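Undergrad: Quick check, what structure comes out for this input:
(2 chains)
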Amino acid sequence: MIRYALFTSSNRLLAFKSQLIIVRYLNQNLSSSLNPKPTRPFPDYSPKKLTIRDSDLVHRIATSIKQRRYESIPRVLIPFQSIFNPSIHLIGVLIEIRHDFSRVCDFFDWVKEPTLEGLCIVVHICVSSRHPKNAHQLVLEYLRKCRSLRSFVEQLVYTYKEWGLNPLVFDIVFQVLVEIGVLDEARKLFHKMLNYGVVISVDSCNFYLSRLAANTSDGVTMVINTISEFKELGVCWNTRSHNIVIHSLCTLKKVKEAENVLSEMELKGCSPDVVSYSTLIEGYCRVGELQRALELIEQMGLKGIKPNLFTYSSIILHLCKQNKVVDAERVFREMMSHDIIPDKIVYTNLIDGFCKLGNLSAAYRLFSEMQKQRLVPDVVIYTTLVCGLCRCGKMVEADKLLHQMLSEGLKPDEVTYTALIDGYGKADETKKAFSLHNRMLQIGLTPNIVTYTALADGLCKKGEVETANELLHEMCGKGLELNICTYNSLINGLCKAGNIEQAVKLMEDMELAGLHSDTITYTTVMDAYCKSREMARAHELLREMLDKGLQPTIVTYNVLMNGFCTLGMLEDGKRLLSWMLDKGVMPNTTTYNSLMKQLSSEHNMKATTEIYRGMCSQGVMPDSNTYNILIKGHSKARNMKEACYFHSEMVEKGFNLRATSYSAFIKGLFKKKKFIEARKLFEEMRQEDLVADKDVYDLFLDLNYKEGNMEVTLELCDEVIEKCLVVENLETHDEKNIASNI
DNA sequence: TTAGGGTTAG
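TA: Numbers count the residues shown, from 1 in each chain, chains lettered A, B, ... in the order given. Predicted coordinates for the structure are as follows:
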């Protein structure tokens, strides 16, 4: 009883201390509040009175805990196990041991069913003992179980004056509410605490803002409204708060508005920092305005803010996405020269960039460089490489890499398996793709819509559209929804199987399912119409697509160009090229190749060369197809000087001739009596396992026969019988196809 | 609790 009398008399002192702290807190936090409302005081705390017997038991427990410090609580409290009642004894014990934080925690752990008041007291003890993480954990565990928030806050307020006096405790509860996603409750708590004169800290409010931005449909508006409302109530927003606004505006692609926020920050007393700039730079990169992003880096320099790894990473990533990987690596080296240490992520960006360009050797070079920097490859980096190998059709190597991952203890995930499944599907190895799908299920990975799309696409490319359809039907039964890629894959499958009508029907079904045809859908069907000589229908679709506000891509233009060219409508093709150049739509190698292919097949090498020159003047690099077209065309026109020139250039660049180009080239050289060069090429193509056409064999048979090389002649005879009949058939088939398109 | 990475379709 004496102890409780002392407790009551000390209450006045504590109340006084409490008022002082609150006033200090208000001065700090309500400085910007225009009309601070009168606040209500925290209630007085008075614990339940105990009987002499209970009070004695409490004292004995507390004494045991304090005196047997080096023994565990469960051991110390064995004698009290059956008589301890949390609703009677818990608070009393806590009062006695309150200054020994670790014993409070151990004791509280021991208590099986603590009262809410007891929990709140321990939370206060954690905070006042400077162990906010423990407090956070306790609050989180309690609130996650969806118990009554109202009673919890009531108890926390009730116990505050005696046990806490540290407003951080309300910050912690606010943070937990945000963390578990009950943002409305967090807002209510903010207002409730305001009545007591406690303003939730700006850091916690920032946490709230970031979740508000991410979790609500109109995040930015909510964030902006909250900023202005809370500012009136006393929250002094800081740089981090503005960064959240910049980030949410950038997510909505409202980069100009985001930049305005950055410009106005200083007026509000918050200087933009490296995060503000990096966020905005990332925003500009995402909308494709890399130039503005680079200007902002300069602006940072003028303000004395140094770009960091994040700033550079954005630039590097987006250069990679634009296929400017060489430039990206240049920026990467520049970054390193400023002593910024690259991490796994920036290496992944570059490795992925090189993989997507098909430059696997550069990707592996960076992979090994990264490991020399003691960065340990993770699942994402391995998956990037696996995907690069799959794209190049190197399935054996991709499989090896998968096993390397496993041997290093890494667990390939859904993305890794999906990349492999897609690779096998495209390599016409659907059986392997399906066996990988089964393995995913065995090891507990859940195939997702991307996995099924890859499987379906593999089937479609084999012409098995019906099987793909059944598979997707089965997938829908599992609750997965088809997306635009899945539909496009099926539409493409139908088109390639010559069933355009059904493809168009599927486009309509897709609309009914709430998915809208995109540029890829239209381009796919337009390509099918072009290939079936229905240019008018292709044009209709283009019109429809433009009417819907869909922007054609270079692939759309290339589909049209290919349509015009293969149908011999060269004037239309040329007009399309001029139109593209006038409108600033940059043609690519494929665009020029289509025109050159048709012109050269019409033996018009003068016009082919003109197009080639136009291509070079636009800075568009020739590829393997370009060289094959030029060499084949010039050879047929007997322009062997030009053919030889392009051949040496293509060899230098590491490109290879195709069988038909080899044959044409060899025949041209033969006509010019360049037998040594012709023979060298003939040997080269045989070594590459490419089959020359029958005319070429005839030429070498004659040559060797005349030279008396009977052994070689006989060998060639066998070879021509074995290979050429088949090849001739293939060639004839190929020529027929071309003819049918004209 | 503010900034960056890998998988599907033409």
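
Undergrad: hey, let's count contacts and neighbours off CA atoms from now on
TA: Noted.

Undergrad: Rounded mean pLDDT for stretch A:559-574, please.
TA: Confidence for stretch A:559-574, expressed as mean pLDDT, is 94.

Undergrad: so where's the stretch 101-250 of chain A uncertain?
TA: Along the stretch 101-250 of chain A, segments meeting pLDDT under 70 span A:216-217.

Undergrad: what are the ranges of the helices in it?
TA: Remark: helices assigned in the stretch 101-250 of chain A by DSSP state H, counting those that start in this stretch are A:101-110, A:116-128, A:132-144, A:149-163, A:168-179, A:183-195, A:202-215, A:219-232, A:239-251.

Undergrad: CSV for those helices, including mean neighbour count and distance to DNA strand B?
TA: Shown next, in CSV, are the helices of the stretch 101-250 of chain A (neighbours: other C-alpha atoms under 10 Å; distance: least, C-alpha to the nearest atom of the strand, whole Å):
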stretch, mean neighbour count, distance to DNA strand B
helix A:101-110, 17, 22
helix A:116-128, 23, 14
helix A:132-144, 17, 10
helix A:149-163, 19, 19
helix A:168-179, 23, 7
helix A:183-195, 17, 13
helix A:202-215, 20, 4
helix A:219-232, 17, 12
helix A:239-251, 23, 4
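
Undergrad: can you put those helices in a markdown table and add distance to A:R60?
TA: Output for those, formatted as a markdown table (distance: least, C-alpha to C-alpha, whole Å):
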| stretch | distance to A:R60 |
| --- | --- |
| helix A:101-110 | 14 |
| helix A:116-128 | 19 |
| helix A:132-144 | 27 |
| helix A:149-163 | 22 |
| helix A:168-179 | 31 |
| helix A:183-195 | 38 |
| helix A:202-215 | 41 |
| helix A:219-232 | 50 |
| helix A:239-251 | 51 |
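
Undergrad: Setting aside sequence neighbours, what's the nearest residue to A:L441?
TA: Leaving out its chain neighbours, the residue that sits closest to A:L441 by C-alpha to C-alpha, 6 or more residues apart in numbering is A:P447, at 7.5 Å.

Undergrad: Show the backbone phi and psi for the one you found.
TA: Main-chain dihedrals, A:P447, degrees, to the nearest 10: phi -60, psi 140.

Undergrad: Test my guess that it contacts A:R439.
TA: No: contact criterion C-alpha atoms under 8 Å: A:P447 and A:R439 do not qualify, at 10.3 Å.

Undergrad: pLDDT below threshold where in chain A?
TA: A:1-37, A:216-217, A:725-742.

Undergrad: For the strand or helix carrying A:Y277, what is the distance to the chain centroid?
TA: A:Y277 is located in helix A:274-286, with elements delineated by DSSP states H and E. Between the centre of helix A:274-286 and the centre of its chain there are 17 Å (C-alpha atoms, centre = their mean, to the nearest Å).

Undergrad: What residues sit buried inside the helix or strand following it?
TA: Scanning forward in sequence from helix A:274-286 by DSSP H and E, the next helix or strand is helix A:290-302. For helix A:290-302, the neighbour count (16 or more other C-alpha atoms under 10 Å) marks A:290, A:293-294, A:296-297, A:300 as buried.

Undergrad: who does helix A:290-302 touch, helix- and strand-wise?
TA: On a contact count with 3 or more C-alpha pairs under 8 Å, 6 or more residues apart in numbering; DSSP states H and E, helix A:290-302 meets helix A:274-286, helix A:309-321.

Undergrad: Need the winner for burial among those.
TA: helix A:274-286 (a mean of 24; mean count of other C-alpha atoms under 10 Å).

Undergrad: neighbouring contacts of that one?
TA: The contact list for helix A:274-286 (C-alpha atoms under 8 Å, 6 or more residues apart in numbering) reads A:239, A:242-243, A:246-247, A:250-251, A:253, A:255, A:258-259, A:262, A:290, A:292-294, A:296-297, A:300, A:305-308, A:310-311, A:314-315, A:318.

Undergrad: again, only this time at 6 Å
TA: A:243, A:250, A:293, A:311, A:314 (C-alpha atoms under 6 Å, 6 or more residues apart in numbering).

Undergrad: With that, I have no additional questions.
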